[in-house]
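Trainee: Turn this into a model:
(one chain, ligands or ions: 1)
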Amino acid sequence: MKLLGQPGRLVASVPKVARSLNLALSFGSMAGLFNVSGIALLAWAVAPLLQGPMLPSSSLIALCGSVLTLVLAFWLRLQAETRAHEASYQLEEALRERLVEHLSRLPLGVVQGWGSGRLRKIIQDDVKALHVAVADAVPFIGASLSQPLAALLVLALVQWRLALVALLLLPVSLVCMALMARENPQQRRRYNEASEAVNAGVIELVQGMAVMRTFDNGAAGWQRFNARLQQFTSAVESWMAGSKVPWKINRLVGAALPTAVVLMIAGFVLYHAGQITLVQWLLALMLGTLPIKALEPLVHLANYLNDASAASGRIEDVLMQPVLPEPQQPQQPQGHALSLNNISFHYPGQTQPALSNVSLTLAPGTRCAIVGASGSGKSTLARLIPRFYDVTEGSIHLGGCDIRQMHSDVLLKQMALVLQEPFLIGGTLEENLRLAAPEASEEALQHIMAATGVSEIVSVLPLGLNTPISERGSSLSGGQRQRVTLARALLSNAPVLVMDEATSYLDAHNEQRIQQALAQLAPDRIVITIAHRLSTVVDADVIVVMHQGRVAEQGRHHDLLNQNGHYARLWQHYQLASQWTLQREEQV
Ligand SMILES: Nc1ncnc2c1ncn2[C@@H]1O[C@H](COP(=O)(O)OP(=O)(O)OP(=O)(O)O)[C@@H](O)[C@H]1O
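Mentor: Have a look, this model is predicted:
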């Protein structure tokens, strides 16, 4: 599979597919050989017609042989294409499985960092691009290489002068192609960048349409998009302009007709000089154009494979990411006391630590709130507990085990995460609620729905719990989605609940309700809440105040206020902001 270049590496990594494609390549090559043989036999069979109307019996045998050989060539070509397409589907399936399986073993932070759009493109579009290139390229490569080579060989054996004549225009075509390819890398990069900018522009235009239209009826958005389109057009034009002349010359000499004319004239001269027979001349006319005709499609194929190489590179980038290390001898947590022991953390590639020397001990049943200015490290701290990343220094223990010594499945079963952007799956409302606890009793479900206010959402839906939720939950409001994800987390019974701005869309009434639900339904759980609205943290058992990646203070609300430090300042700002908001609301 070396012929395929970089995509060939991915093909070779799936042995079943590599075997099928090798077979397709062989069938394609044999199809090319049989095609040439069929044409040669045909030339030999019909040559006597040039001298008289009667065909000798040997011609009839040759004619039958030719038909049979051409049919066989057709059948081989069909086999090559069928096998290549089947193998490409298998490749597509194997790569998607492998990507999804690999992603499931990567640190969640790395997956989150890539973003869903980029991963979707790799798993869907790039894998598809590889499928298309491989399915089309393999049988084609076989035939496109074997056919012109076989044609030249036959010609060389039959009449070497005519073989040379068939090659006469080939160097001109090759030079033109080299000139066309000269600027390729830069031009291709410019073209690709412009094309990606247009794609991004389309997404921006569609996703941001509502916002854009409110600014200036969308004119600015259209202008930005038009500018990108113009850049794309100019990239295409500049690429075309650089290669216009060689392209035109190549169109002229790279087609079959000029070589056929040259062969006709050369054959005429050689025939009249008694150097060749009529059969040889006819054979040259029928086979001599095959080498030059194979060139242009091969160039297109190279372009195709070039694009597939970029897709393979992106697929390999994901597959080569190191997985989250799993322990050789996994340990089981005893209970769910949580301790962070002098942990520090750098994001990959960053020089500044996001967290430094953070220590924290949380007994079961503790309500812990993490507060601090933007960028102080709150979310980072929360993400290290379910091992989105491994700490750079120090350790995190759950139930007495270092979390790196627990199997990640076991660790994640101990955790329920609720993030600011609620994630809902395409399914019914009930399926969403039961996602982490499909076996939960009806009673438990109803109880949690009532406590979190989900019952009220359900009561106004005609289909109730059976209401289909569109993907990502766009049929519910932000606050409704947050209530559903909080109810889901509570139903899961996981002993550690991590909530990162999980109630940010809720109004004050529902916010209070959730706090009560947590106290009532999760008395033994550790609940870690990251909140900007400080009103939600006043009752926490411990408030951890982060400042520049360090724990600046920790304690209860009143104790921290008395310290008159970071928390007291945060509280002051929060109070001022709340009053300001209230005054504005009253004025309105
Ligand atoms: N994926 C990432 N890669 C590199 N640096 C990051 C990444 N995520 C966060 N950081 C950096 O780590 C530091 C802490 O960020 P973090 O998101 O934990 O802060 P935060 O307190 O939760 O902020 P906010 O309240 O704005 O959400 C910041 O300096 C931020 O720029």
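Trainee: Residues of the stretch 201-350 of the chain that sit close to the ligand?
Mentor: Applying the criterion Cβ under 6 Å from any ligand atom, the portion of the stretch 201-350 of the chain that neighbours the ligand consists of 347, 350. For the C-beta atoms, the positions are set from N, CA and C on the backbone; glycine is no exception.
Trainee: Please, which helix or strand holds residue 55?
Mentor: Counting by DSSP states H and E, no helix or strand carries residue 55.
Trainee: got it, and residue 538?
Mentor: Mapping residue 538 onto the secondary structure by DSSP H and E places it in no helix or strand at all.
Trainee: I'd like the numbering to begin with 49 instead of 1 from here.
Mentor: Okay, residue one is now 49; in that scheme the one you just asked about reads as residue 586.
Trainee: Can you name the residues that contact it?
Mentor: Contacts for residue 586 were tallied using Cβ atoms under 8 Å, 6 or more residues apart in numbering; they are residue 605.
Trainee: in this protein, which ranges drop under the pLDDT threshold?
Mentor: For the chain, residues meeting the criterion pLDDT under 70 lie at 49-51, 231-232, 258-260, 262-266, 519-522, 628-636.
Trainee: How about the residues of it by the ligand?
Mentor: 161, 395, 398, 402, 420, 422-428.
Trainee: For those residues, which two are the farthest from each other?
Mentor: Set against one another by Cβ to Cβ, those have their most distant pair in 161 and 420, with a gap of 21.8 Å.
Trainee: Look at these two and report which has more neighbours.
Mentor: For the pair residue 161 and residue 420, the greater number of neighbours falls to residue 420 (24 against 13), based on other Cβ atoms under 10 Å.
Trainee: beta partners for the more buried one?
Mentor: Beta bridges link residue 420 to residue 594 when assigned by DSSP bridges.
Trainee: so who does it touch?
Mentor: Neighbours of residue 420 in contact, by Cβ under 8 Å, 6+ apart: 426, 593-595, 600, 614, 618.
Trainee: Can you get me a residue count around the nearest residue to residue 183 once chain neighbours are set aside?
Mentor: Once its chain neighbours are removed from consideration, residue 183 has its nearest residue in residue 136; the separation is 3.7 Å (Cβ to Cβ, 6 or more residues apart in numbering). By other Cβ under 10 Å, 25 other residues sit near residue 136.
Trainee: From residue 535, how far off is residue 544?
Mentor: Summarising the geometry, the distance separating residue 544 from residue 535, computed by Cβ to Cβ, to the nearest Å, is 17 Å.
Trainee: Between those two, point out the one with more neighbours.
Mentor: Here residue 544 and residue 535 are set side by side on neighbour count (other Cβ under 10 Å), and the busier one is residue 535, at 26 against 21.
Trainee: Assumed the more buried one was part of a helix.
Mentor: Yes. According to DSSP: H, G, I helix; E, B strand; the rest coil, residue 535 belongs to a helix.
Trainee: In contact with it, which residues?
Mentor: Residue 535 sits next to 481, 496-497, 499-500, 502 when contact means Cβ under 8 Å, 6+ apart.
Trainee: From the residues you listed, which land in helices?
Mentor: When DSSP state H defines the helices, the subset of the contacts of residue 535 inside them is 481, 496-497, 499-500, 502.
Trainee: Would you quantify the distance from the closest residue to the ligand within the stretch 499-636 of the chain to residue 416?
Mentor: Of all residues in the stretch 499-636 of the chain, residue 594 sits closest to the ligand, at 6.2 Å by Cβ to the nearest ligand atom. Taken as Cβ to Cβ, the spacing of residue 594 relative to residue 416 amounts to 12 Å.
Trainee: Number of residues surrounding the residue of the stretch 199-348 of the chain found nearest the ligand?
Mentor: Here the stretch 199-348 of the chain gets closest to the ligand at one residue, residue 248, 20.5 Å apart by Cβ to the nearest ligand atom. For residue 248, the tally of surrounding residues (other Cβ under 10 Å) stands at 13.
Trainee: Could you say which helix or strand holds it?
Mentor: helix 232-255.
Trainee: Is the residue sitting nearest the centre point of the chain in a helix, a strand, or coil?
Mentor: The residue at the geometric middle of the chain, judged as the C-alpha nearest the mean C-alpha position with Cα atoms, centre = their mean, is residue 170 (1.4 Å). Assigned by three-state DSSP, the conformation of residue 170 is helix.
Trainee: Surely it touches residue 367?
Mentor: No. Counting by Cβ atoms under 8 Å, residue 170 does not reach residue 367; the two are 9.9 Å apart.
Trainee: Now do the shared contacts for these two.
Mentor: Common neighbours of residue 170 and residue 367, counting by Cβ under 8 Å, 6+ apart, are residue 147.
Trainee: Give me the contact list for stretch 319-331.
Mentor: Stretch 319-331 is contacted from outside by 88, 91-92, 94-95, 98-99, 202-203, 206-207, 209-210, 315-316, 318, 332, using Cβ under 8 Å, 6+ apart.
Trainee: Ends of that stretch, what's the gap?
Mentor: With Cα to Cα, to the nearest Å as the measure, stretch 319-331 spans 13 Å from end to end.
Trainee: Name the residues of it that come out as buried.
Mentor: Counting neighbours by 16 or more other Cβ atoms under 10 Å, one finds that the buried residues in stretch 319-331 are 324, 327-331.
Trainee: The residue in the stretch 249-398 of the chain that the ligand sits nearest to: neighbour count?
Mentor: Of all residues in the stretch 249-398 of the chain, residue 395 sits closest to the ligand, with a separation of 3.4 Å (Cβ to the nearest ligand atom). Residue neighbour count, defined by other Cβ under 10 Å, stands at 15 for residue 395.
Trainee: same question, residue 545
Mentor: Here the number of neighbours of residue 545 (other Cβ under 10 Å) works out to 22.
Trainee: what's near enough to touch residue 333?
Mentor: If you count contacts by Cβ under 8 Å, 6+ apart, then residue 333 has 308, 311-312, 315 around it.
Trainee: In terms of distance to residue 608, which of those residues ranks first?
Mentor: Of the contacts of residue 333, the one sitting nearest to residue 608 (Cβ to Cβ) turns out to be residue 308, at 91.0 Å.
Trainee: and that closest one, what is it in contact with?
Mentor: By Cβ under 8 Å, 6+ apart, residue 308 lies in contact with 333, 336-337.
Trainee: domains of the chain?
Mentor: For the chain, the structural domains run 50-231+291-367, 379-462+586-636, going by automatic domain parsing.
Trainee: Could you provide those domains in CSV, with additional columns for distance to residue 555?
Mentor: Converted to CSV, the domains of the chain look like this (distance: least, Cβ to Cβ, whole Å):
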stretch, distance to residue 555
domain 50-231+291-367, 28
domain 379-462+586-636, 13
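Trainee: Between its first and last residues, how far does stretch 435-447 reach?
Mentor: Taking Cα to Cα as the measure, stretch 435-447 stretches 15 Å from start to finish.
Trainee: That's all I had, so thanks and see you.
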